[in-house]
Structure formats: structure tokens, C-alpha cells
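[1] sequence? don't have it. structure:
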DNA sequence: TTAATTATAGCACGATCGTTCGTATTTGAG
DNA sequence: CTCAAATACGAACGATCGTGCTATAATTAA
């Protein structure tokens, strides 16, 4: 949890997340945001002391939403490959349906590549946390005996994460169902390539 | 060679490509660009009839540069896997050294994901051309007997392209050498997984 | 109930945005 | 040489940007 917001702030951040998923966090305009939310520019601005603070809160809001929608439900699944698969499924769904602009953290990651500052640091922190989470889930799958004992978990996650972003990019390029199929095929291959002998889904 | 530019225009586009690689094509500001180039805002503007036209030319300039730096030199290599490897090598080098902001087309692709208009269409066109090029090179590797005869070339390129973008993202997250190692390991795995029996590099 | 804090609004600021206009300067073709 | 086209400039446009200041409601605390 760790995130309690006033009603207004929540509404604002919801809209802001949608806008910045589509048009980028850098180009998130307070005036435009206020117009969409339906309140005055200065009234909205009062909730955050600066634009940077707003952007930072949008990032945290996105991360919070990500954890709640993608990670938490998956934790109810059994440890190991089932949980990993649940995370991937939820991530795809989240990317496709919840935020039409695709994973906002991926977008922000590329936006802030070369913009030193608080926001880049924060994006990198969130991204690192995300990857560390994936690595942990992968290690659990190894411990459970689902994946090969000598698996290079970091490398595994690199490939998994790459396929996810590949899906993200391909989805805009072509039919999204085709991109989804491509991703699923690659993901399946990745799993089966490292599946421990004697364990099958 | 399909792209003849006046001296000024070339200088402008060079700077514009650098700036937009770092800060995004959307946020490319004509005033700022003029300041860096060292000419007046209106003088620079006169070369392009609109900002959109400028952005479009920057994209074409990037694509042109990509072909010249990444693709063309690789075409001198032997058909098949060597050529594929050369493309990948050049792409990495290009991403790392030439444009510090990473492949500008990847950046633009994510920027314009959900911004309908001429520019998104153009980015998608360039991206599609790029992927079709990779697929062609891959098919040649099959024909040459380097890769499995029943290889799903589209899937192969999806994974290759994903690893490239993964490298792009990981590179900002951690030591770039580590990201490069991760990419190379994945790429090597991808190749060896589909290498035709009886052929080795 | 009163006092204090918070939420929102209106207005204005300096800065920058993309763009236009009018005007010099340079260049190239006849 | 002449004249038109191309190139570059400064100034200014309306719009929007992020951000303050001030005032008025609404909510909460004492």
C-alpha cells in the first residue's frame, strides 16, 4: 500500500497517468491536465509544489498501479513458473488495456534516458526495482525446481524484459494480436529452453 | 544518393539529430536548435516550412545515417550470418558512439506511439523498412544454409530486435559494458539455437 | 463557535513556443 | 550587368508554458 491520497489528488494523478502514457511525462502540461480534469490551473498546481513533484508523483502512482495490478495478483499463484507466467500475463493485459500508451515506466525510461536529474534517477530506481523483482521471481522458480539449477537469472530476465518491450514496440507497428503471438512464442521458447528436466507445466 | 542537402541544412539536421536523440523529437525546439547551430530562429525556420517538416527531415536524416553507417558497410561482408553479425555490430557501435541518446528511431518510435499524425506514420514506415531489412538479411542466411531451413524469420527478427532494444534500455540502467555483454550473450544464443547443422562460424 | 488549515479559483508575471512579416545580403542565371 | 531567387536576420504576433500572489469557499481542530 503505502500510498494514501486525497480524492482530488487521486483523480488528477489518474488523468495525468493517462495523458503521460500517451504523450510522455516530459510533455505533460499542467494547463492541459487541469482542463481535462476540470479544475483551474492554479488550483491543480496547489496540490504539487512544482511540475517536477507532479511528475515524480505520477511515476510513483504508475509504479503503485503496476504493483497492484501486475505483481500482487500474481503472488497468489504458486511459486515458480506459474507465478512468472501470471506476472507476464498481467503485464500484457495491463499494457494493452489499462494504459493504452503502453507501460508508462518503459516510456518514461526512454524519455529520461539523457535528461539528468531527479526524475531520471527516480525512473531508474523504479526500473531497477522492477527488474530485481523479476529476478527474484525467477530465482524462486529455480529454487522450486522449475527452471534449470544453473540458470543465469539476470540473463533470463534481460531476455524476458526485452521481449516485453519488443511486444510494446511491435504492437504499434502491426496488429496487436500478432505482436502478442510473437511475444508468447518467444516467452514460451525462453521458458522451455531453461525448464528443469522432469518438470512440465 | 537519395539525399542532397545544402550545407546549412545538413549542419542544422546534424545538430537536430543530436538534440532529438537526447531530448526527443517532440521536444526539439526551434529556438534552442537555432541557438546551438548559431543562427537566428527565423533564418533556420526558413529552411523548413513548419516544425513538422523539420521533424520529418530529421527522421529521414537519421534513417539515411543509419543505412550509411549500419547497413551499407555490412553489405560488403559475405551473405548470411557474417553479414547479420556485421549489422548487429554496427548497430551497437552506432547506438553507443554516434548517437549518445541511443538509436533515434527507437526513441521516436516510443515517442510517437500514441500521437496520430504524419510523424507517427513516418516513424512506423521507417521502422517497418528496418525490420523488413533485417528479415531479408535473415532469409539470406537461411538460403546460404547458415540458419535452419524451417526458421521462422519474422520470429527470429522479433527476438533480435527485442534484444537490441533491451540493450538500449539496460544500457542506461547499468554499466553499458554489462548491457553489451548481456546483449551479445543473448544474440549468440539466438544464433546458435537456429544455426543449421553442419555450419559453424 | 471560533480559529486555523486546506482546496480551489482568478489573475498576472516572464519566458518560450511556432510562426509570420518585412528587409537586408548574397547568390546564380539570363 | 541585371534581376530574381535564395538565404539570413530582427522584431513581433498570439498562445502556452510553469509559477507566484491573493482572495474566497470548504473542511477540520480546538
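    Sure thing, it's come through. Predicted model, so just to flag it, every value in this text is computed and none were measured.
[2] use CA for all of it now, contacts and neighbours both
    Fine.
[3] so which elements touch the helix or strand bottoming out on mean pLDDT in chain A?
    Least confident helix or strand, chain A: helix A:104-111 with a mean of 85, by mean pLDDT, DSSP states H and E. Contacts defined by 3 or more C-alpha pairs under 8 Å, 6 or more residues apart in numbering or on different chains; DSSP states H and E place helix A:104-111 against helix A:7-23, helix A:51-66, helix A:118-143, helix B:104-111.
[4] quick one, which of those gets closest to residue B:12.
    Taking C-alpha to C-alpha as the criterion, residue B:12 comes closest to helix B:104-111 out of the helices and strands packed on helix A:104-111, the separation being 16.1 Å.
[5] what residues does that closest one touch?
    Counting by C-alpha atoms under 8 Å, 6 or more residues apart in numbering or on different chains, the neighbours of helix B:104-111 from elsewhere in the structure are A:23-24, A:107, A:110-111, A:169, B:17, B:20-21, B:24-26, B:59, B:62-63, B:120, B:123-124, B:126-127, B:165.
[6] from the middle of its chain, how far away would it be?
    Put simply, helix B:104-111 sits 9 Å off its chain's centre (C-alpha atoms, centre = their mean, to the nearest Å).
[7] residue numbers of chain A in contact with chain B?
    Applying C-alpha under 8 Å from any C-alpha of the partner chain, one finds that chain A approaches chain B through A:22-24, A:27, A:101, A:107, A:109-115, A:124, A:127-128, A:155, A:158-159, A:161-167, A:169, A:172-173, A:182, A:186.
[8] can you check the pLDDT for residue A:155?
    Looking at residue A:155, its pLDDT is 98.
[9] show me where chain A dips below the pLDDT cut-off.
    Judged against pLDDT under 70, the low-scoring parts of chain A cover residues A:1-3, A:98-102, A:199-201.
[10] around DNA strand C, pick out the residues from it.
    By the criterion of C-alpha under 7 Å from any atom of the strand, the positions of chain A lying close to DNA strand C are A:6, A:8, A:9, A:38, A:39, A:40, A:41, A:42, A:43, A:44, A:46, A:47.
[11] check the secondary structure at the residue nearest to the third one when sequence neighbours are not counted for me.
    By that I understand residue A:9. Using C-alpha to C-alpha, 6 or more residues apart in numbering or on different chains and skipping residues adjacent in sequence, the residue nearest residue A:9 is residue A:47, 7.0 Å away. Per DSSP: H, G, I helix; E, B strand; the rest coil, the local secondary structure of residue A:47 is coil.
[12] next one: residue A:109 from residue B:149, what distance?
    Distance, residue A:109 to residue B:149, by C-alpha to C-alpha, to the nearest Å: 38 Å.
[13] between those two, tell me which one has more neighbours.
    residue A:109 (22 against 17; other C-alpha atoms under 10 Å in any protein chain shown).
[14] for residue A:118, see how far away that one is.
    According to C-alpha to C-alpha, residue A:109 and residue A:118 sit 13 Å apart.
[15] how many neighbours does residue A:178 have?
    When neighbours are defined as other C-alpha under 10 Å, residue A:178 has 13 of them.
[16] ignore the last one, residue A:157
    Considering only other C-alpha under 10 Å, residue A:157 is surrounded by 19 other residues.
[17] got a list of what it touches?
    A:131, A:134, A:135, A:138.
[18] nearest spatial neighbour of the last one, skipping sequence neighbours?
    The spatial neighbour of residue A:138 that comes closest, neighbours along the chain excluded (C-alpha to C-alpha, 6+ apart), is residue A:153 at 6.3 Å.
[19] and for the first one?
    The spatially closest residue to residue A:131, leaving aside those adjacent along the chain, is residue A:157, at 7.3 Å (C-alpha to C-alpha, 6+ apart).
[20] look up phi and psi at the one you found.
    When quoted as degrees, to the nearest 10, the phi and psi of residue A:157 stand at phi -70, psi -40.
[21] same thing with residue A:147?
    Dihedral angles of residue A:147 (phi, psi; degrees, to the nearest 10) stand at phi -110, psi 160.
[22] go on, residue A:87?
    Dihedral pair for residue A:87: phi -60, psi -50, per degrees, to the nearest 10.
[23] closest to DNA strand C out of the contacts of residue A:157?
    Nearest to DNA strand C out of the contacts of residue A:157 is residue A:131 (C-alpha to the nearest atom of the strand; 34.3 Å).
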